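Enquirer: need a structure here:
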Amino acid sequence: MAADERLAAYDFGPDHPFQAGRLEAGLSLLRAAGVLADGDLLPFQPATDADLELIHDRDYLQALARFSAPGAAETETAAAAGFGLTGDNRPFPGMDAAARLVAGATMAALDAVAGGDLAHVFAPVAGLHHAQRRRAVGFCLVNDVAIAIARCTRAWPLRVLYVDLDAHHGDGVQAAFYDDPRVCTVSLHETGRYLFPGSGEVGELGRLPGVGRSVNVPLEPQTTDDGFLAAFDAVVEPLAAAFRPDLLVTQNGCDGHADDPLSDLALSTRCFRELARRLHRLAHRHCQGRWVATGGGGYDLDRVVPRAWALLWSELSGRRLPARVPAAWRAARAHPGRSSAWLEPRPRRSGRGDAAERDREARNQRTVRAVRRLVLPLPVRVAYPSGPRGAGAGKLPGWEPRAGGYQARGGPLLLRDRCPASLLRRLEVDPGIHTFVREPEHQREVLARIAEEPAGEVVVAHTPDGLVVGYVAVIDPEPGTRFASLPGLLEVGAVEVATDWRRGGVASALLRFAVEPDPFSDRILIASGLAWHWDLDASGLSAVAYRRVLQRVFEAAGFEPFHTDEHEIAYHAANLFMARIGARVPPARRAAFTSRLVRGHRPMA
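Expert: All right, here's what the predicted structure looks like:
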């Protein structure tokens with residue numbers, strides 16, 4: 001654990017929500033519970049100017065030092081305000097040294113994990129995720145998380161997944177890496193329509209070359225455990241599969257608790273325990289176990305923060321908490337008569353809930369579907385479904401499996417359609433097919449799962465000895481999307497070719513072969529958001545050139561480009577929307593399709 005008593009200096013005063021008492025409250029409970037010893041504390045030093053300047057401007061850091069002197073801000077109030085050092089971020093004596101210590105603790109945590117000395121580290125007085133390049137924001141003087149991640153990515157060739165669970169949007173970390181493709185930030189928070197800092201909407205997706213690496217899941221006020229965990233499961237785990245991170249950094253703010261005074265979420269400590277368990281599994285599944293957790297926000301220092309930290313530390317350290325919160329610790333707190341349980345009682349289920357609850361759930365589900373559509377390729381959405389798929393297309397039309405051939409530059413290939421899952425599980429997958437998974441075995445299982453969908457079709461190109469070097473996946477659109485309820489419509493969700501087999505016409509040959517069967521004359525096929533379905537980073541092409549290549553591939557198979565105002569197309573220069581309207585599609589269905597290309601259609605709930 002990266003913490004010691006020096007961090008108590010980060011203190012805005014007794015009448016401020018962010019108080020030094022959080023450190024004593026949290027660590028004293030861990031010691032009373034017998035799960036923290038002095039030997040668990042990781043040594044750290046204050047961050048240097050060079051470290052802080054990875055994220056912050058020098059003139060801001062100079063102001064931070066200048067206004068740390070007693071009374072300095074009182075004589076230069078306008079200058080201090082210009083750097084955000086006023087109000088909630090009012091200067092206090094020694095604040096520069098205190099902020100450097102917080103950043104130093106977080107840097108030590110990431111250095112230890114990235115360097116292989118430790119698998120997991122907890123930095124409780126850390127996660128100051130609001131601070132901007134030249135401004136203090138939201139109780140945050142320096143952005144310790146962003147500083148540590150920036151330092152880490154400079155020292156090691158690591159891809160970092162940052163998961164922010166604070167009730168407030170992780171705006172400062174997002175801004176720091178908004179154009180950095182090596183860092184993917186995902187924030188689950190109360191929507192900024194009602195809560196500080198007012199940002200974190202679904203459309204905040206990053207800036208080239210980091211487009212798609214900023215992910216936001218804004219949730220409605222009064223969202224409970226079930227809704228928050230459902231959003232996490234639907235977005236974070238598949239996002240990790242798509243991004244393929246080397247290291248997990250999390251901001252585990254507990255201010256989303258129902259008793260916290262600074263948010264309107266309605267989470268319980270049960271939710272925090274479940275989130276810790278999920279993050280632990282994610283770290284081992286995708287990051288070789290590398291995980292740094294920070295404490296983040298939380299402003300109920302008696303009932304919530306110490307318990308939330310204890311549950312997180314127990315998961316990180318593998319040490320089991322006692323059955324009850326120690327009585328001696330409770331007696332020393334301001335509310336000794338409160339429950340000795342670590343977790344609140346399970347809420348009673350109230351049937352279908354009232355109208356407000358149903359509306360809140362529907363809004364959150366629409367948000368989650370929009371996020372998944374924007375940042376996850378179709379194979380990932382199939383492998384990690386958010387719920388049962390719809391029946392917009394029903395079963396794929398039947399025909400006898402076909403086989404064909406193609407002479408590629410790398411050698412002869414066999415083309416097969418209607419591949420059953422049993423066949424796909426017997427084939428090998430070229431490791432050059434790596435859009436979102438590390439291991440070919442994982443890719444093979446994803447293809448098999450697509451083939452098992454009632455309206456799923458996998459067409460593969462493989463060598464005579466059974467090595468898959470390319471595939472096309474066709475499936476019905478995900479529920480809730482613009483075209484999901486339109487009958488007879490399918491989506492070409494992926495066209496992938498292994499790196500060593502590209503630029504040889506394999507993709508065009510595969511796609512033409514895939515859509516040749518006569519039953520597709522009765523169907524509308526769409527393809528959209530393709531920047532995530534191929535590997536743009538490895539293509540060596542600009543986004544615009546890449547888009548032209550994709551368009552040629554689809555046009556060769558009878559697709560034509562259509563204009564649509566779908567945000568998932570417009571947000572990236574490599575994306576386009578293509579459609580192939582079968583010759584036997586009735587005019588009414590054709591008209592229904594074209595009417596949904598522009599805004600005005602409301603997604604199905």
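Enquirer: helix or strand right after the host helix or strand of residue 149?
Expert: Per DSSP states H and E: residue 149 is located in helix 144-155. Using DSSP H and E, the next helix or strand after helix 144-155 towards the C-terminus is strand 160-164.
Enquirer: any idea how far the spatially most central residue of the chain is from residue 250?
Expert: For the chain, the residue nearest the mean C-alpha position is residue 186 (3.6 Å; C-alpha atoms, centre = their mean). Counting by C-beta to C-beta, to the nearest Å, the separation of residue 186 from residue 250 is 10 Å. (C-beta placed from N, C-alpha, C; glycine too.)
Enquirer: if I look at the residue nearest to the centre of the chain, how far off is residue 309?
Expert: Computed as C-beta to C-beta, the residue 186 to residue 309 distance reads 22 Å.
Enquirer: with residue 545 instead?
Expert: Residue 545 is 50 Å from residue 309, where distance means C-beta to C-beta.
Enquirer: over to residue 295?
Expert: According to C-beta to C-beta, residue 295 and residue 309 sit 6 Å apart.
Enquirer: next, the buried residues of stretch 573-585.
Expert: 574, 575, 576, 577, 578, 579, 580, 581, 582, 585 (16 or more other C-beta atoms under 10 Å).
Enquirer: one step back: you'd agree the residue nearest to the centre of the chain is in a helix?
Expert: No. Per DSSP: H, G, I helix; E, B strand; the rest coil, residue 186 lies outside any helix segment and is strand.
Enquirer: residues in contact with the host helix or strand of residue 281?
Expert: According to DSSP H and E, residue 281 maps onto helix 269-286. Contacts to helix 269-286, defined as C-beta atoms under 8 Å, 6 or more residues apart in numbering, come from residues 120, 161, 163, 165, 225, 228-229, 232-233, 236-237, 240-241, 244-245, 248, 250, 252, 254, 256-257, 289-291, 293, 304, 307-308, 311-312, 314-316, 342-344, 346, 438.
Enquirer: quick check: pLDDT value at the residue of the chain most remote from its centre.
Expert: Ranked by distance from the centre of the chain (C-alpha atoms, centre = their mean), the top residue is residue 75, with 44.0 Å. Per-residue pLDDT puts residue 75 at 76.
Enquirer: same thing with residue 602?
Expert: Residue 602 is given a pLDDT of 47.
Enquirer: what's the answer for residue 387, then?
Expert: 69.
Enquirer: check the one 5 residues further on too.
Expert: Listed pLDDT for residue 392 reads 45.
Enquirer: circling back to that earlier point, my guess is the residue nearest to the centre of the chain meets residue 239, correct?
Expert: Yes. Counting by C-beta atoms under 8 Å, residue 186 does reach residue 239; the two are 5.9 Å apart.
Enquirer: which neighbours do those two share?
Expert: Counting by C-beta under 8 Å, 6+ apart, the shared contacts of residue 186 and residue 239 are 161, 215.
Enquirer: which parts of stretch 479-487 are buried?
Expert: Residues of stretch 479-487 classed as buried: 479, 480, 481, 482, 483, 484, 485, 486 (neighbour count, 16+ other C-beta under 10 Å).
Enquirer: among the buried residues of stretch 573-585, which lie within strands?
Expert: 577, 578, 579, 580, 581 (DSSP state E).
Enquirer: for beta bridges, what are the partners of the fourth one?
Expert: Residue 580 forms beta bridges with residue 525, as assigned by DSSP bridges.
Enquirer: can I assume it is in contact with residue 522?
Expert: No. Using C-beta under 8 Å, residue 580 is not in contact with residue 522, being 11.9 Å away.
Enquirer: which residues in the stretch 451-600 of the chain form strands?
Expert: Ranges of strands in the stretch 451-600 of the chain, per DSSP state E, counting those that start in this stretch, are 456-462, 467-475, 489-497, 524-528, 560-561, 577-581.
Enquirer: sorry, back to before: per-residue confidence at the residue nearest to the centre of the chain?
Expert: 98.
Enquirer: got it, and residue 332?
Expert: pLDDT for residue 332: 86.
Enquirer: quick one: contacts for the residue nearest to it when sequence neighbours are not counted?
Expert: Nearest residue to residue 332, sequence neighbours excluded (C-beta to C-beta, 6 or more residues apart in numbering): residue 28, at 7.7 Å. By C-beta under 8 Å, 6+ apart, residue 28 lies in contact with 306, 329, 332.
Enquirer: next SSE after the stretch of helix or strand residue 28 belongs to?
Expert: Element membership for residue 28, per DSSP H and E: helix 21-32. Using DSSP H and E, the helix or strand that follows helix 21-32 in sequence is helix 49-52.
Enquirer: for that following helix, which positions count as buried?
Expert: Neighbour count says helix 49-52 has 51, 52 buried, by 16+ other C-beta under 10 Å.
Enquirer: packing partners for it?
Expert: With contacts taken as 3 or more C-beta pairs under 8 Å, 6 or more residues apart in numbering; DSSP states H and E, helix 49-52 sits against helix 58-66, helix 95-114, helix 144-155.
Enquirer: which one of the ones you listed lies closest to residue 502?
Expert: helix 144-155 (28.0 Å; C-beta to C-beta).
Enquirer: could I get the average pLDDT for that closest one?
Expert: Averaged across helix 144-155, the pLDDT comes to 97.
Enquirer: neighbours around the closest residue in space to residue 192 that isn't next to it in sequence, how many?
Expert: Closest residue to residue 192 apart from its sequence neighbours, by C-beta to C-beta, 6+ apart: residue 198 at 4.3 Å. Neighbour count of residue 198, defined by other C-beta atoms under 10 Å: 13.
Enquirer: got the buried residues for stretch 93-113?
Expert: For stretch 93-113, by 16+ other C-beta under 10 Å, it's 95-96, 98-113.
Enquirer: got the confidence number for the residue nearest to residue 332?
Expert: 95.
Enquirer: ditto for residue 351
Expert: pLDDT, residue 351: 56.
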